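Q: how would this look folded up:
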Amino acid sequence: MNFVLKIACISILSLTLGTGAARASSAHVIVNNSSIPSEDAYQSHGTTMVPLNAVQNLPGVSIAWNNTTKTVVIDRSGKKTILKVGQKNTTIGSKKITLPVATTLRNGRVMVPLRFIADSSGAYVSWNPKSQTVYVAKASNEIKNKYTSDKLNVSRGAAIKLPKVSNLKEFTPKGYENLNTDYYFPEGKSDSFFIQEMDVISYYKINNDRVELIWTAHSDSTKKESNGLSFLPYKLLEQDGQKPTIQNRVAHFNFMATIGEISYSFIDNNGKEINLGQKPVDPTNFFIDIPDEQK
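A: Numbers count the residues shown, from 1 in each chain. Okay, here's the model as predicted:
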């Protein structure tokens with residue numbers, strides 16, 4: 001995303017937060033797949049305020065606090081941002097900007113406008129009005145390098161760790177709770193995948209070093225029904241987004257958290273599954289490099 005477009009998106013976000021989000025006293029904020037407790041974020045004059053330490057969850061950013069001057073210095077690869085508590089004016093590098101709301105101290109924490117987090121850290125920020133959630137995403141160089149690996153299992157392991165963003169509804173799994181998670185990748189691919197947790201299936205695509213939710217749905221495993229997804233031949237209930245069509249077979253990984261193992265198989269476009277094996281999970285290399293997989 002170029003600089004002008006990024007600033008435009010942030011401006012739109014600021015306006016959006018001033019309307020839809022202003023109805024709530026708190027905001028749901030997710031920074032690199034980690035939630036900020038709702039009590040730590042709040043609305044002030046239509047602007048979402050978040051603790052400055054949210055920046056610490058973003059790669060390549062360091063923070064220095066001067067308690068005497070009540071000044072914060074944020075360093076992003078040598079580009080410094082200077083921020084003083086109680087003031088709206090700040091500098092990012094050589095650029096001076098005015099924040100919509102002054103930085104403040106609240107319960108011993110420095111609170112800043114969410115837009116400032118994006119400006120000072122180079123992160124992508126998006127607002128989901130359906131779930132009243134703000135996403136802040138910035139992938140580390142380590143994850144980005146692994147995602148571009150020529151080893152498919154390494155690339156897939158990085159893909160599921162990239163920061164996730166969504167403009168869709170948020171569905172809560174229903175039914176008998178279990179700790180298994182199913183991952184489905186089109187054969188030979190790591191740039192898109194499905195995750196199934198209980199009765200919720202979600203489809204993601206990688207875009208600009210982040211993972212975007214494209215489609216999600218509740219499914220009813222007690223009712224068989226053709227829906228264009230051979231590996232999930234069940235009736236789809238409530239859904240949101242654009243359901244993809246998968247023509248070729250998929251690589252299926254079932255992560256069994258209770259025993260720390262992962263099974264792997266192929267499912268063809270007729271729904272036939274060929275079980276290939278099961279191994280203990282390697283946390284440094286989550287998925288299995290399946291023999292004979294066409295890349």
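
Q: so Val134 sits right up against Ile30, yeah?
A: Yes. Between Val134 and Ile30 there is a contact at 7.2 Å, judged by CB atoms under 8 Å. No exception for glycine: its C-beta is placed from N, CA and C like everyone else's.

Q: more neighbours, those two?
A: Using other CB atoms under 10 Å, the more surrounded residue of Val134 and Ile30 is Val134, with 25 against 20.

Q: what about the host helix or strand of the more buried one, average pLDDT?
A: Here Val134 is covered by strand 133-137, with elements defined by DSSP states H and E. Taken as a whole, strand 133-137 has an average pLDDT of 89.

Q: Tabulate the CA atom coordinates of the helix or strand following that strand in PDB.
A: As assigned by DSSP H and E, the chain's next helix or strand after strand 133-137 is helix 141-147. Provided in PDB are the C-alpha atoms of helix 141-147 (Å, rounded to 0.1, in the frame of the first residue of the first chain):
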ATOM      1  CA  ASN A 141      10.300 -10.200   8.900                       C
ATOM      2  CA  GLU A 142      10.800 -13.700  10.300                       C
ATOM      3  CA  ILE A 143       7.300 -14.700   9.400                       C
ATOM      4  CA  LYS A 144       7.400 -13.000   6.000                       C
ATOM      5  CA  ASN A 145      10.600 -14.800   5.100                       C
ATOM      6  CA  LYS A 146       9.200 -18.200   6.200                       C
ATOM      7  CA  TYR A 147       6.100 -17.600   4.200                       C
END
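
Q: Check the offset of helix 141-147 from the chain's centre.
A: Relative to its parent chain, helix 141-147 has a centroid offset of 15 Å by CA atoms, centre = their mean, to the nearest Å.

Q: what comes up buried for stretch 236-246?
A: Buried residues in stretch 236-246, counted by 16 or more other CB atoms under 10 Å: 236, 239-241, 243, 246.

Q: which ones among those are found in helices?
A: Using DSSP state H, no member of the buried residues of stretch 236-246 sits in helices.

Q: need these in CSV with distance to Ala102 and pLDDT, can you?
A: Listed next are the buried residues of stretch 236-246 as CSV, based on distance: CB to CB, whole Å; pLDDT from 0 to 100:
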residue, distance to Ala102, pLDDT
Leu236, 48, 93
Gln239, 43, 94
Asp240, 38, 97
Gly241, 38, 96
Lys243, 46, 94
Ile246, 51, 87
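
Q: Out of those residues, list just those in strands.
A: 236, 239-241 (DSSP state E).

Q: after the helix or strand of the chain with the lowest mean pLDDT, next one along is what?
A: Among the helices and strands of the chain, helix 3-17 carries the lowest confidence by mean pLDDT, DSSP states H and E, at a mean of 34. Using DSSP H and E, the helix or strand that follows helix 3-17 towards the C-terminus is strand 28-31.
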